[in-house]
Each structure stands twice: as structure tokens, then as C-alpha cells.
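1. Here's my sequence, what's the structure:
(one chain, ligands or ions: 1)
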Amino acid sequence: MTHTLTPGRIAALCRPAAARIDIRVVEQTGSTNADLLAALPGLAAPTLLIAKAQTAGRGRAGRSWLSAAGKSLTFSLAWKFSLPVHALVGLPLAVGVAIAEALAMFQIPVKLKWPNDVLHDGRKLAGILIESASAGKLPPDSSWAVIGIGINMAVSDSMAAEIGRPVAAIPWLADLDQDMLMATLASALAESLLQFEQEGLAAFTQRWNALHAYAGQAVTIIDNGRLLHEGTAQGVDEIGRFLIDTAAGRIAVMAGDVSLRPKE
Ligand code: ATP
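-> From the prediction side, this is the model:
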């Protein structure tokens, strides 16, 4: 590979919305999200931290995200919003749309699984983990979000066995110019984050619903293994709740720590 993650070159390839981003690349770290969260009070600009290898990637609710050097894209973007932290609830959906739209530029079709997964051929290709903070000396109407993304380029048999669920990977992504790939992803993210700040989730609900993996399908909502709801998946509403038509009528589910599964 000729171009392997050079901050200056990634910056030069970014579109204008991403011009302010401070780009950093590290050989290895535990979790890019953890690193940026720890650095937050001192960050002067939006910061993109890319790890060539990540050893303790995080998912929601203490779950882990597995990756391997040269076989995954693992990065986090710390972004400051002029919005209170509670206004960021729908952000994972907007980020899913941004990643899907960036991957579509490379002719990679994906669908979105509520609230935070990117699927290819029905299997998980990328994960999104957003951790937000109103820490530090921020004014009350502003907050930081650390947006962590992992995208599989290749998954070994042993990693697939460890994950224990069907996963997707796009091996030829590793053959692309990695700086160009990262610049495309960072630009799509920055454009969506600016739009989210100005227009809220309303600018993304139709786009999300057009990418919805389970529209019209039978699904269940699970809480720690316990069945909470079952019915027919509709889509998301303008505040990011997942709408399901159940025997008792239409319900709207908040993300929290519940999980969506296709009905078996
Ligand atoms: P939900 O379905 O509720 O979104 P989830 O099980 O997908 O929950 P997340 O926190 O979104 O949980 O993601 C972490 C999970 O993703 C892990 O528990 C594991 O099942 C799966 N996983 C971990 N690494 C990978 C990977 N590289 N590719 C695909 N899936 C992975």
C-alpha cells in the first residue's frame, strides 16, 4: 500500500466541511473513543483519531468491538455541538446515514439496523458507538460527542468465531488509497454533523428510513435476553424512536440498551 494513513494527506483530500478537523493517526491504542473522551477538555478543534490497531474497542453497554491491524478501519471523531447533550439522542441515526452514504460512493450497498449498526448482505459490516459529554467549562447549551466507528475490511475465522454472529467484510477496501477512504468518511461525517446541528434529526429520518434493513419485517425488541415487544418494523420517527406495529397497536421504542432482532 502506498498511502497508509498520513494526517496531512487525509486533510488535503477532505471536503470543506471537514477542513477544521485536527487529524491524528496512532499505530495502536486500546480504544480511540476512550482516548478522545479523556482528551476532551483540552481539545481546541474537532479531532479525528485513527488507530491502525485497536486492542480494546468498545460497543454499547460494555460490549466489545473486535478488529485487527490492516483489516479494519477504527477511528473516532470528537465533535463539539452548540446543542445540549440531550439534543444528541438521535445522533447515532444521523451518523449511520453518513456512513451509508459514504460507502455508497464506493458502490458498497448497506442497510441500517436501529439504532447503530451498518449491515451489508444482512450482516454487520460496521458499528457505531457515540459517547457524549457536557464536561469541562462548556456553556450549558453545548456538548461534545465522541463518535466511534469500526468498519470490517477482513474478518478471520477465529475473529468471526469470537464474535459469534454473522459479520460482513469488504476485503478490497484494504486495497484502496486509505487516505482517500478516510477523507471520504470524515467529510461525509462532518457534513452530516453540521446538518444535524442546524436541522436536527428531521434532516435524516427519511434518509434513514430509505436505508432501513427490516422495513415491513417481523422483529422483536429484546432487553437483556427478555422479549419486550414483537411486531412489524416500520421505521424511525423524527426523534429517533423505532416504530413497531404490534398486536396492541403502534409503539415507539427508545434506544436505551434494548436490542432489535429479526424474528426467528
Ligand atoms: P444491538 O444489536 O443492540 O445494536 P449489538 O450486539 O450489535 O447490539 P453493539 O454494542 O452495537 O452491540 O456492538 C457490539 C457487538 O458487535 C459485539 O457484542 C459483537 O456481537 C459484535 N461485534 C464485535 N466486533 C465486531 C466486528 N468486527 N464486526 C461485526 N460485529 C462485531
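
2. Every contact and neighbour count from this point should use C-alpha atoms.
-> Will do.

3. correct me, but residue 93 touches residue 240?
-> Yes. Under the criterion of Cα atoms under 8 Å, residue 93 makes contact with residue 240 at 7.0 Å.

4. Can you work out which residues contact both of the two?
-> The contact sets of residue 93 and residue 240 overlap at residue 201 (Cα atoms under 8 Å, 6 or more residues apart in numbering).

5. what's the helix ranked longest in the chain packed up against?
-> In the chain, taking DSSP state H as the definition, the longest helix is helix 178-199. When contacts are defined as 3 or more Cα pairs under 8 Å, 6 or more residues apart in numbering; DSSP states H and E, helix 178-199 sits against helix 7-13, helix 91-104.

6. Now render these as TSV, adding distance to residue 228, mean pLDDT and mean neighbour count.
-> Formatted as TSV, the helices and strands packed on helix 178-199 follow (distance: least, Cα to Cα, whole Å; pLDDT from 0 to 100; neighbours: other Cα atoms under 10 Å):
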stretch	distance to residue 228	mean pLDDT	mean neighbour count
helix 7-13	44	98	17
helix 91-104	22	98	23
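
7. Ok, which of those comes nearest the ligand?
-> Taking Cα to the nearest ligand atom, helix 91-104 is the member of the helices and strands packed on helix 178-199 nearest to the ligand, at 10.6 Å.

8. Quick one: distance of that closest one to the chain centre.
-> Its chain's C-alpha centre and that of helix 91-104 lie 7 Å apart, by Cα atoms, centre = their mean, to the nearest Å.

9. And the next helix or strand past it?
-> strand 111-113 (DSSP states H and E).

10. Any chance you could list what contacts the helix or strand that that following strand is followed by?
-> Note on strand 111-113: by DSSP H and E, the next helix or strand toward the C-terminus is strand 117-120. For strand 117-120, contacts defined as Cα under 8 Å, 6+ apart pick out 96, 100, 109-113, 124-128, 168, 213.

11. nearest to residue 38, of those residues?
-> residue 128 (18.7 Å; Cα to Cα).

12. mind checking which helix or strand the residue lying closest to that closest one once chain neighbours are set aside is in?
-> In this structure, residue 128 finds its nearest non-sequential neighbour in residue 149, 4.8 Å apart by Cα to Cα, 6 or more residues apart in numbering. Per DSSP H and E, residue 149 falls inside strand 143-152.

13. Now find how far off-centre that strand is within its chain.
-> With Cα atoms, centre = their mean, you get 6 Å for strand 143-152.

14. and it, what other elements does it pack with?
-> Under the contact rule (3+ Cα pairs under 8 Å, 6+ apart), strand 143-152 is packed against helix 32-39, strand 72-81, strand 123-133.

15. Looking at the contacts of strand 117-120, which is nearest the ligand?
-> residue 124 (4.9 Å).

16. In contact with the closest one, which residues?
-> Contacts for residue 124 were tallied using Cα under 8 Å, 6+ apart; they are 117, 118, 166, 167, 168.
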